[in-house]
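I need the structure of the sequence given here:
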Amino acid sequence: LKCLRSRVEHLREAMPFDRIHITMSLRAVYERGIRLFFEYYRYITDDDRQKLAVGEYDAAWVTCKERDSARPALLPQEVRDVLLRVVEAP
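Predicted coordinates:
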């Protein structure tokens, strides 16, 4: 996977020694790539969290036949099948 775009929208600052929780979810599966979504939280207490940021990550599946010659390629069928099962899971 090669990163095409990443973005983080900061809502609040974290401080050293804060306990941080990050969630990652699959937003989309494309013919040649994926989109991931992230949420960043700070633990206020063991049961209470405060959202710090949200982010997105777009990546393309690439092949390299020669050095420095990455070209977009179709996601392998096995990878697509696993990712699509994740998207469809409740």
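
For the protein, give me the ranges with low pLDDT.
87-90 (pLDDT under 70).

So for it, which residue is the most central one in space?
The centre of the chain sits closest to residue 36, judged by C-alpha atoms, centre = their mean, with a distance of 3.2 Å.

Let me know the helix or strand that it is in.
strand 33-43 (DSSP states H and E).

between the helix or strand just after that strand and strand 33-43, how big is the angle?
Along the chain past strand 33-43, the next helix or strand (assigned with DSSP H and E) turns out to be strand 49-60. Relative orientation of strand 49-60 and strand 33-43, computed by axes from the mean of the first three to the mean of the last three C-alpha atoms, to 10 degrees: 160 degrees.

tell me what the strand holding residue 36 is packed against?
Applying 3 or more C-beta pairs under 8 Å, 6 or more residues apart in numbering; DSSP states H and E, one finds that strand 33-43 contacts strand 2-10, strand 20-29, strand 49-60. In short, each C-beta sits where N, CA and C put it, glycine included.

Make TSV from these and add distance to residue 73 and mean neighbour count to it.
Output for those, formatted as TSV (distance: least, C-beta to C-beta, whole Å; neighbours: other C-beta atoms under 10 Å):
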stretch	distance to residue 73	mean neighbour count
strand 2-10	10	11
strand 20-29	15	12
strand 49-60	8	16
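
Residue 41: neighbouring residues, count only.
Counted with other C-beta atoms under 10 Å, residues neighbouring residue 41 total 19.

can you pull the contacts of the closest residue to residue 33 other than its chain neighbours?
Spatial nearest neighbour of residue 33, excluding adjacent residues (C-beta to C-beta, 6 or more residues apart in numbering): residue 60 at 4.1 Å. If a contact means C-beta atoms under 8 Å, 6 or more residues apart in numbering, then residue 60 has 1, 2, 4, 32, 33, 72 as its contacts.

Would you mind measuring from the last one to residue 64?
Noted for residue 72: a distance of 11 Å to residue 64, by C-beta to C-beta, to the nearest Å.

Over to the third one?
Remark: distance between residue 4 and residue 64 (C-beta to C-beta) = 16 Å.

Identify the residue spatially nearest to residue 22, adjacent ones excluded.
Residue 22's closest residue in space is residue 40 (C-beta to C-beta, 6+ apart), at 5.4 Å.
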